[in-house]
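In: Here is the input, now give the coordinates:
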Amino acid sequence: MSAQELATRLCKEGDQHLAMDELPLATAFYMAAFSCSALLAVQKVKSLGKGPWEKVIATLETWCTGRSQIPRIHCNNLAIVSLNVGIAAVFLSTLSPNNLASSVFKLEAMLRQGRYEEVVSRCNALLSTHPKYSVELLLTRALAWVLSGTQSGNGVVDYIQAFVTHQAETVAYVRSRQREHLPLVIQTFSDYLSVHRETGPNSRALDGQLGDCYDFLVAVAPNGIQVCRAQASYLYEKHKFEECVAVYSKAMEALSAGNKLGDERALGVLLGRAAAYFSLGGRTREMMQDLIDAFKISPGQAKQHFDELFSSCDTESIKEQARAVLDVEFAAYREAVRTRPELRDDAGTELLSPVIHTLQFLIQIAPGSRRELSVRLADCQLLSRHVNSALKICSHLLESDQNTYYNSLLVLRGFCYLHANDCQQALPDFQKVIEHDSPHPNSCVKALCGRGLIRILGGSPYLTALDYITACRLRLDETILTVKSYVPWNQRGLLLKVLQEEGQKILQKKPSPKGSSAFRQKKGAGLNGFLTKEGDAFGVHQLASLLMELDPSDETSQILCADALYQLDRVEEAHRILLVALSRNPQRSPILARLALLQLKKGFLYDGTQEAVQDLTSALKEDAAVVIPEILSLKHEAQVLITQWLLDHCRTVLTELVANKDLPKEETLKDLIVIGGSLIKINSKEARCHILYTDILIAGGRYEDALLHLQESFGQAIADTSANARLAVLQLKRSNMLPAARSLSTLAKKGPGELGFLLNFLDAKQRQTLSQVAAQEGNALIKDHHYETALNYYSLAILTSNNNPRYLRQRAACLMHLKEYGQALKDVDKVIQKHESHGLRAQVEDHCSKGQILLSLADTEAAVKQYIRALQLDQSLALCSITNGPGRKFLAQTFHQIARHYFEIPRYEEAWKTVDYGLIIDKNNNELKKLKTRIKREASGCSVH
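Out: Prediction:
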């Protein structure tokens, strides 16, 4: 098929698509036909008529301007030349010789060929004939000026002219049609702006033009780093610092998105933004971060740019601000160290990273302070566990000729060696600082801590304690921070335990000899500090204060502090510390024991002894094995006092327990066994302790154990009265009544207290039997006139029978024999108080007995009244009793004596009554009769009947 035929065929295809209003395909087929036969295709399109012709022209213009793509076409597998914009431009210019789109395309082709002057000339001509298409022509001419390199300023003017009048169209055209030349265009604008900012007159017109330039750049390359920097520089010059910061931040976002935060462009952006922050004021932290980040990228280049941006005065201000930030950041690290909850924790080390970066930045911009800053940098590198870096800095500085910061560097290098487990090199550095004529206090504290740690590892814990006491006395806060930050984390626990041990030994004046092991931890420290003033208590208190700061929850440190305070007579403070410790662990025996002794020392609480006993008993119940040695370490007076406290406490509890059968016994007895056993261990020679322990065993029903303990403690032949009484109780449990009664009667002689307690161990039947046996023994002894011994048995019978009247009468009779009339009277009174339940004979005899006792006491008036009462109850029984003693005649004389006394007072009625009852006793008594007559005569007119 010839080219003519192919062109005809393609035109027909185009007609078909045109008929279906598929204009792009129709135009493409016409253009394909044009490539085969230009004349035929042109004639065909021109023959379509004005409307279709204009549509074809418009379609070709969109292809030439790049506003749309040329579609692919197929025609029955015919070979069709590849269609492109170049063919479209030629086809368009053939159809419309003065068409601007084709002209512009040709101009762009000329630009690619380097024919810049021709393009400028051609654009000038076209602008005069096509003023309405000025944007495309201006932008094409502008690019020609830029590409020429000789008159690029004219190009900038053309770009701005187009941008100002047709902003959106200009931006779209440049970003699409001139994309490949955009970097050059931006660079040209940047150069233009630089020249005019430096040399141009400061006029409003120029400012407007420059502003248009920046607007153009931002529009065509919104994320361009170079554009952002140029715009930011302009804003900075105009003192629009907030806007400047925003532009730089936008540039940083673009760099971040492209993972280019480490290149030179980022360095420039960071320094520029830092300058804007500096000029704004009040943005020190943001400024410092940008400066630090910039110097991280390239210290050398950053320093060069820094010097260009900041004056010497600005640099000094930045140094001051950087140092202020440095102090705040390092203070935050120190506070984090101080508040660490766990001694072995290294939390807060991450806070040193910004400190290190700030120091590195300052070292770059402040060469005059480089040595001082390098020392601080080495310090922070060591604290952040970059030991090798710190050691390198220290060694380098120590090798220089300067002597400043000598002590600080030695200490830091010593700790570097220590962290590297090189104690041999660390010790000389620490030693030099300590032995220096005028060491810096903080350096000296660190050196003492370092040397002390080495001494632990060398087996000299006592010397370690002395080093740390000295450090605490110099500066306690610095010592705390040194241990928490400079001492390796895995050695802090060991240090704590060794210092605790040695602190207690110093209080006790028992330093461990050189080379001895100090690595074992006591379960509880001694209490000597609570009753002595020995040892360097002040130094130990400082040491304990350190230990409590290192681990506030460690009760051993709290106890050590309390011990030291006690020796310093600061009892209130010791008490408060122990109360805090007790609140965390209410049952900790060493704390309870100390609190008990403090109650004794303080003496201001009314129930101080009670609190002390409670603390001691709680401590013993919790861990007697710890508390007993502590009590035994006290002075003898303290041991005696504590023993008495515990004895009284146990005796009170046990008495209440055995007296009240309803109380639960199991837990109480269990506690009493522990305390009673502890008392024996505290003072095994004290009989009262063994007797108490025996009582506890009996109360618990452990009779065999009680007997065994008695025999082991007092021997087979027990001489002690109280111990014998316990043996008697055990005999009663075996129904050996008579031996038991014999032993208990001896105890009865002492009074009802102890015997009454023991009788609580007996049941009702045992008590009844015992009282009967005791009364029988008393009766037998009375017959043999052994009144004193009989008295003890009667007392036993009375106690065991709960004041049985029969035994009271028998004891009263026995007391009469012993002429202990007062005691006898008390017994008879007890009997009379219970007369309601007694028979008439017993009542009469009791009043007669009381009357006889009163006569023995020479209380005749009271005696007469008792006999009158007996006569009132039953005359015959009373007279019978009187006859047996004291006799009727004798008693009648006594009645006469009392009646005469009443008569003389005068109390006639009582005198008359006494005479009447006297005559009942002895009706033949003449003296009573005469007195009766006198009473009647003297009292005439008064009724005496």
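
In: Now do the contacts for residue 650.
Out: Listed by CB atoms under 8 Å, 6 or more residues apart in numbering, the contact set of residue 650 reads 672, 675-676, 679, 692, 696. (Glycine included, C-beta is placed from N, CA and C.)

In: where exactly do the helices run in the stretch 151-300 of the chain?
Out: Ranges of helices within the stretch 151-300 of the chain are 152-165, 167-177, 182-199, 204-220, 225-237, 241-257, 264-280, 284-297, 299-309, based on DSSP state H, counting those that start in this stretch.

In: Same list, those, but as a markdown table with mean pLDDT, mean neighbour count and distance to residue 745 please.
Out: Listed next are the helices of the stretch 151-300 of the chain as a markdown table, based on pLDDT from 0 to 100; neighbours: other CB atoms under 10 Å; distance: least, CB to CB, whole Å:
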| stretch | mean pLDDT | mean neighbour count | distance to residue 745 |
| --- | --- | --- | --- |
| helix 152-165 | 86 | 20 | 131 |
| helix 167-177 | 85 | 16 | 127 |
| helix 182-199 | 79 | 16 | 126 |
| helix 204-220 | 75 | 17 | 121 |
| helix 225-237 | 79 | 21 | 115 |
| helix 241-257 | 85 | 18 | 106 |
| helix 264-280 | 89 | 22 | 105 |
| helix 284-297 | 92 | 21 | 96 |
| helix 299-309 | 91 | 16 | 106 |
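
In: export the ones you listed to CSV and tack on distance to residue 44?
Out: CSV is the format used below for those (distance: least, CB to CB, whole Å):
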stretch, distance to residue 44
helix 152-165, 37
helix 167-177, 30
helix 182-199, 40
helix 204-220, 42
helix 225-237, 49
helix 241-257, 52
helix 264-280, 56
helix 284-297, 65
helix 299-309, 66
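
In: Of all the ones you listed, which one is nearest residue 700?
Out: Proximity to residue 700 (CB to CB) singles out helix 284-297 among the helices of the stretch 151-300 of the chain, at 74.9 Å.

In: ok, and the closest non-adjacent residue to residue 288?
Out: residue 325 (5.2 Å; CB to CB, 6 or more residues apart in numbering).

In: circling back to that earlier point, just tell me which of the helices of the stretch 151-300 of the chain ends up closest to residue 46.
Out: Between the helices of the stretch 151-300 of the chain, helix 167-177 lies closest to residue 46; by CB to CB that is 29.2 Å.

In: so that closest one versus helix 152-165, what angle?
Out: Interaxial angle, helix 167-177 versus helix 152-165 (axes from the mean of the first three to the mean of the last three CA atoms, to 10 degrees): 130 degrees.

In: which residues are contacting helix 167-177?
Out: Taking CB under 8 Å, 6+ apart as the rule, helix 167-177 contacts 65-66, 108, 135-136, 139, 159, 162-163, 182, 185, 216, 219-220.

In: ok, the contacts of residue 650 vs residue 36, which is closest?
Out: Using CB to CB, the contacts of residue 650 come closest to residue 36 at residue 675, 124.2 Å.

In: who are the neighbours in contact with that closest one?
Out: 617, 620-621, 646, 649-650.

In: Apply 7 Å and report the result again.
Out: Taking CB atoms under 7 Å, 6 or more residues apart in numbering, we find residue 675 in contact with 617, 620, 646, 650.

In: counting residues per helix, which one in the protein is longest?
Out: In the chain, with assignment by DSSP state H, the single longest helix is helix 312-338.

In: quick one: buried residues of that helix?
Out: Across helix 312-338, burial judged by 16 or more other CB atoms under 10 Å covers 318-319, 321-323, 325-326, 329-330, 333-334, 336-337.

In: Domain ranges for the protein, per the record?
Out: Following automatic domain parsing, the chain resolves into domains at 3-97, 129-291, 311-404, 585-717, 887-945.

In: So residue 797 is in contact with residue 768, correct?
Out: No - between residue 797 and residue 768 there is no contact under CB atoms under 7 Å: 10.3 Å.

In: Which strand or helix spans residue 780?
Out: Here residue 780 sits within helix 764-783, counting by DSSP states H and E.

In: Can you give me the buried ones in that helix?
Out: So, applying 16+ other CB under 10 Å, buried residues of helix 764-783: 766-767, 769-775, 777-778, 781-782.
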